[in-house]
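K.L.:
Compute the structure for the input listed below.
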Amino acid sequence: MRRDDSAYQSWLWGEILLFGLLAAGLALFAAYPDLRPTYELPQARLVLDTMVALAAALVAVLAGVRLSVEGRRLDLLLCAGFSTAAGATFVFGIAPVLGGQPLHRAEQWAWIWGRVLAGGLIASAAFARGRVTTKRRALAELLVLVPVTLALIWSVCTLLGNALPILASSDHDQPRLLSAALAVRALLSLVAVVGFGLRYRARGHDLDSWLALGATLALFADLHYVFTPLVSNRYITPGDFLRLLSYAVLLVGVWRAIRHAEFGRAVAEERARVAREIHDGLAQYLFAVSTHATNLENGADPAHTLPRLKQAAAAAQQEARFAILALSSASGTAPFDAALRRYVDVLTADGALAVDLEIDQGVQLAPDEQIEVFRIVQEGLANARRHAGASHAEVRIRLRGYDRVVTVVDDGSGFDDDAATPGHGLKNMRARSASIGGGFRLRTQPGGGTALEVVLRG
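P.N.:
Residues are numbered from 1 along each chain as shown. Here you go, the predicted structure:
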């Protein structure tokens, strides 16, 4: 089902308009050969090919980053396709001419078939489903397979040697094999347009619309090459500019997708954290309330059960306040200092734990640092209260030279850091510290309390 039918309709009409404009230009060039602009600019062609290779490499890197976040086969094939395109352009189209030499026949054909292979991988990505099981292994295999494939293409073209026809230039007709290769490449681009358009219609993902748009520009670039296949390193054609524009569009789309993926992962992590807090705190107190109420229904002594029921209800109310304060700090609706002080006030209201809070006014924290520091302090104090049985804790956020230092010290029972298995709380604090580039250190011993320290470089 489509998420937003109006968005799809708007995209579809825009795609139809773009198709019409590009098709009209292509028809004009096809009907009037004298209007096909070609420019003999070897240095400009080298610059343009370099820009294309860099753009393809950036798209491949961004797709790889997205693969490491979500593990989709779509991103694996996109990464493989654009890596192949970037590698073929650099190895066969740029490196051989850096000394001012023209491309040899084997290099020209290796470049063409490398681009055809890249087009096939990108087109197949439009129909990919599911996720890879081992993301790191998939990326590692990709780093090996792409160079091996390019080397194989080069070897085949070198072995064929003079059996391959000479490519077209301004004074030669186009060989049939070249026409076939360019037609296959154009067909693959059309398949990609249709595939990503159908994905966008079915899923409503923003990335699919950008991929379809980029494939549309690539399609007409390939069609321009069919009519003006000046693939030597001395000429520039309209197809070259369309190809560069298609990569620019793809860069924008993949970057937006990565930002969305990172945001989605952050939302998922926040939901998981809130779920853990509800399970560890609020849910247990509500279960206690339910248990005591059931005991009353079953005839338990009210004088003995009602105080426990009131105590469990008060604890549940306090846990709910903790969650509200934490979420208000994370969403930015409350200033960091004020939210943290209110949290400490609520935490210490029942007198079970006394907390000294000191925040140096010279300490400046970025928004993402504020969220993670709040969570670390919250986790440290929760551990001191729930698990360590501490009666007093100190929280210090201050400067140490150019570094910003966060410390949480309690007088609780402590534990043997070497023998203990790290729980989720300790793992979460380490992960949060690492996410903002902070160093994390824990000092504790049985009966000697616990001290944790987070150091953020200035």
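K.L.:
Where does pLDDT dip in the stretch 101-250 of the chain?
P.N.:
Counting by pLDDT under 70, the stretch 101-250 of the chain contains low-confidence ranges at 167-173, 229-234.
K.L.:
can you give me the helices in it?
P.N.:
Along the stretch 101-250 of the chain, counting by DSSP state H, counting those that start in this stretch, helices occupy 105-125, 135-160, 176-203, 206-227, 238-277.
K.L.:
Now do residue 202: how many residues are near it, please.
P.N.:
Number of residues near residue 202 (other CB atoms under 10 Å) recorded here: 13. Using the backbone N, CA and C atoms, a C-beta is placed for each residue, glycine as well.
K.L.:
what's the distance between it and residue 448?
P.N.:
As judged by CB to CB, to the nearest Å, residue 202 and residue 448 stand 60 Å apart.
K.L.:
how does this structure divide up, domain by domain?
P.N.:
5-266, 350-458 (automatic domain parsing).
K.L.:
Mind putting the helices of the stretch 101-250 of the chain into JSON lines with distance to residue 380?
P.N.:
Listed next are the helices of the stretch 101-250 of the chain as JSON lines, based on distance: least, CB to CB, whole Å:
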{"stretch": "helix 105-125", "distance to residue 380": "45"}
{"stretch": "helix 135-160", "distance to residue 380": "32"}
{"stretch": "helix 176-203", "distance to residue 380": "42"}
{"stretch": "helix 206-227", "distance to residue 380": "39"}
{"stretch": "helix 238-277", "distance to residue 380": "14"}
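K.L.:
sorry, back to before: output the domains of the chain in a markdown table, with distance to residue 315 appended to each entry.
P.N.:
Shown next, in a markdown table, are the domains of the chain (distance: least, CB to CB, whole Å):
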| stretch | distance to residue 315 |
| --- | --- |
| domain 5-266 | 30 |
| domain 350-458 | 9 |
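K.L.:
of all the ones you listed, which gets the most neighbours per residue?
P.N.:
Most buried of those, by mean neighbour count (mean count of other CB atoms under 10 Å): domain 5-266, with a mean of 18.
K.L.:
how far is that one from where the chain is centred?
P.N.:
In terms of CA atoms, centre = their mean, to the nearest Å, the centre of domain 5-266 is found 22 Å from the chain centre.
K.L.:
returning to what we had before: of all the domains of the chain, which lies closest to residue 341?
P.N.:
domain 350-458 (6.3 Å; CB to CB).
K.L.:
by contact count, what packs against the helix or strand containing residue 29?
P.N.:
In the assignment (DSSP states H and E), residue 29 maps to helix 5-31. Here helix 5-31 touches helix 176-203, helix 206-227, helix 238-277, going by 3 or more CB pairs under 8 Å, 6 or more residues apart in numbering; DSSP states H and E.
K.L.:
what about 7 Å?
P.N.:
Judged by 3 or more CB pairs under 7 Å, 6 or more residues apart in numbering; DSSP states H and E, the packing partners of helix 5-31 are helix 176-203, helix 206-227.
K.L.:
can you put those helices in CSV and add distance to residue 345?
P.N.:
Shown next, in CSV, are the helices and strands packed on helix 5-31 (distance: least, CB to CB, whole Å):
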stretch, distance to residue 345
helix 176-203, 46
helix 206-227, 43
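K.L.:
This completes my enquiry, with thanks.
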